[in-house]
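Participant: sequence? don't have it. structure:
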């Protein structure tokens, strides 16, 4: 179980366009050991709407968020990597994050409805990347390249053939 990092020196800071509070609620509802720590709204007349600064902790990771308009958007260059213990957990996060306008990508990547990228990866795959036999790992990677959501049974079959 993760501990909440109260002295986390480096904190991701995510820029939204009017959807920060909704994202805060979604992200903290999905992951254990998560909470909304603070929300401060923009004052009327500031020229901005929504969250001036919000802080959440998702499974021990502190993340700051705010709403500052449409000038910048998310890209795949930054993502959250989620290690999942099994297919049930992969399905839980994949389904929740692609719901209501999220988009599937390839190789375990997706964009949530806010446009933020996530990698939903089974622990089996990480173990094999770190400790697997090179030839079998190649088979696993070939199978992964054909998938959107990662299917643990199919990855295991590819590795073990």
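Facilitator: Yep, it's here. Only a predicted model underlies this, so the values are computations on that prediction, with no experimental measurement involved.

Participant: who does the closest residue to residue 72 other than its chain neighbours bridge with?
Facilitator: In space, residue 72 comes closest to residue 15 once its chain neighbours are excluded; the distance is 5.3 Å by C-beta to C-beta, 6 or more residues apart in numbering. Glycine gets a C-beta too; all of them are placed from N, C-alpha and C. Taking DSSP bridges as the rule, residue 15 bridges to residue 66.

Participant: in this structure residue 96 contacts residue 31, no?
Facilitator: No: here residue 96 does not reach residue 31: they are 10.0 Å apart, not a contact under C-beta atoms under 8 Å.

Participant: returning to what we had before: mind listing what the residue nearest to residue 72 touches?
Facilitator: By C-beta atoms under 8 Å, 6 or more residues apart in numbering, the contact set of residue 15 is 65, 66, 68, 72.

Participant: could those residues go into a markdown table alongside pLDDT and distance to residue 40?
Facilitator: Listed next are those as a markdown table, based on pLDDT from 0 to 100; distance: C-beta to C-beta, whole Å:
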| residue | pLDDT | distance to residue 40 |
| --- | --- | --- |
| 65 | 97 | 11 |
| 66 | 97 | 9 |
| 68 | 94 | 13 |
| 72 | 96 | 20 |
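
Participant: check these and tell me the two furthest apart.
Facilitator: By the measure C-beta to C-beta, 65 and 72 form the most distant pair in those, at 13.1 Å.

Participant: those two - which one has more neighbours?
Facilitator: residue 65 (25 against 10; other C-beta atoms under 10 Å).
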